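>>> Predicted model and sequence below, questions to follow.
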Amino acid sequence: GENVEQHPSTLSVQEGDSAVIKCTYSDSASNYFPWYKQELGKGPQLIIDIRSNVGEKKDQRIAVTLNKTAKHFSLHITETQPEDSAVYFCAASISGGGADGLTFGKGTHLIIQP
Amino acid sequence: DTEVTQTPKHLVMGMTNKKSLKCEQHMGHRAMYWYKQKAKKPPELMFVYSYEKLSINESVPSRFSPECPNSSLLNLHLHALQPEDSALYLCASSQDLEVSYNEQFFGPGTRLTVL
């Protein structure tokens, strides 16, 4: 089955700086890669996703890049703010996020230092 | 309305109890999921329902029994649980397994403690 590796496990950045979280996946058939933000005591919130036919997607301060050849994808957050502090999970799916559910990475605890 | 609701928020039960977790969505989604999340770990898929029928059971022990009474509701019946089953149980929904891509929307979860 699919295996997703995520790094780093903890990331501390100064407010206003950029943060980058990286993930690799094992199954070349994976075609859908969402990113979730989970705050303490809450469920995961979808923040951005990318499909296998796209190399990059941007939504305001958040961007995701996908390298299918290398089987890795990354989350980029620019101009970080205190409210960006949370645990971020990457995920992959071979069925577009549907029939086989999502396989998650282990998560990155992002800490924004004021 | 892009909300998935779950009740109760917290549940404490003994190993001999029977309890149920409930999940509801009003987005017209036809696929619903149960995930289990242990502390400081990622969510792990348990069950997938499509059009009220069980599509995937990820080798979950029979002490967990899912039920989908209609397209908006998903239940998880619990019986004879073990302390290691203590976790955050997350429900999610997505449009339809027949479409190419499914954005999954998660509820806030039920924090379960088994004594």
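Nice, thanks for sending it over.
>>> List the contacts of the nearest residue to residue A:68 once chain neighbours are set aside.
Distances taken as CB to CB, 6 or more residues apart in numbering or on different chains put residue A:52 closest to residue A:68, at 6.1 Å, once the chain neighbours are dropped. Where C-beta positions appear, they are placed from N, C-alpha and C, glycine not excepted. Contacts here follow CB atoms under 8 Å, 6 or more residues apart in numbering or on different chains; on that basis residue A:52 touches A:30-33, A:66, A:68.
>>> filter those to the buried ones?
Among the contacts of residue A:52, the ones that count as buried by 16 or more other CB atoms under 10 Å in any protein chain shown are A:30-33, A:66.
>>> The one helix or strand in chain B whose mean pLDDT sits lowest: what's the following helix or strand?
The helix or strand of chain B with the poorest confidence is strand B:53-57; it has a mean of 89 (mean pLDDT, DSSP states H and E). Per DSSP states H and E, the first helix or strand lying C-terminal to strand B:53-57 is strand B:64-70.
>>> Okay, now the sheet partners of that next one, with direction.
When pairing is defined by DSSP bridges, strand B:64-70 lines up against strand B:73-79 (antiparallel).
>>> Touching the partner strand from outside, list them.
In contact with strand B:73-79 (CB under 8 Å, 6+ apart) are residues B:13, B:17-24, B:32, B:34, B:47, B:49, B:63-69, B:85, B:89, B:91, B:93, B:112.
>>> distance of residue A:50 from chain B?
Per CB to the nearest CB, to the nearest Å, residue A:50 is found 10 Å from chain B.
>>> Parallel or antiparallel, which strands does the helix or strand hosting that residue pair with?
In this assignment (DSSP H and E), residue A:50 forms part of strand A:45-51. Using DSSP bridges, strand A:45-51 pairs in its sheet with strand A:32-38 (antiparallel).
>>> Surely residue B:50 and residue B:31 touch.
Yes. Using CB atoms under 8 Å, residue B:50 is in contact with residue B:31, at 5.2 Å.
>>> Can you work out which residues contact both of the two?
By CB under 8 Å, 6+ apart, residue B:50 and residue B:31 have these common neighbours: B:96-97.
>>> Which one's more surrounded, these two?
Taking neighbours as other CB atoms under 10 Å in any protein chain shown, residue B:50 and residue B:31 compare with residue B:31 leading, 24 against 19.
>>> And that one, how close does it get to residue A:50?
20 Å (CB to CB, to the nearest Å).
>>> swap in residue B:111?
Look at residue B:111 and residue A:50: by CB to CB, they are 31 Å apart.
>>> that older thread, would you list the buried ones among the contacts of residue A:52 in JSON lines and tack on distance to residue A:73 and pLDDT?
Formatted as JSON lines, the buried ones among the contacts of residue A:52 follow (distance: CB to CB, whole Å; pLDDT from 0 to 100):
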{"residue": "A:30", "distance to residue A:73": "10", "pLDDT": "93"}
{"residue": "A:31", "distance to residue A:73": "12", "pLDDT": "92"}
{"residue": "A:32", "distance to residue A:73": "11", "pLDDT": "94"}
{"residue": "A:33", "distance to residue A:73": "5", "pLDDT": "96"}
{"residue": "A:66", "distance to residue A:73": "4", "pLDDT": "97"}
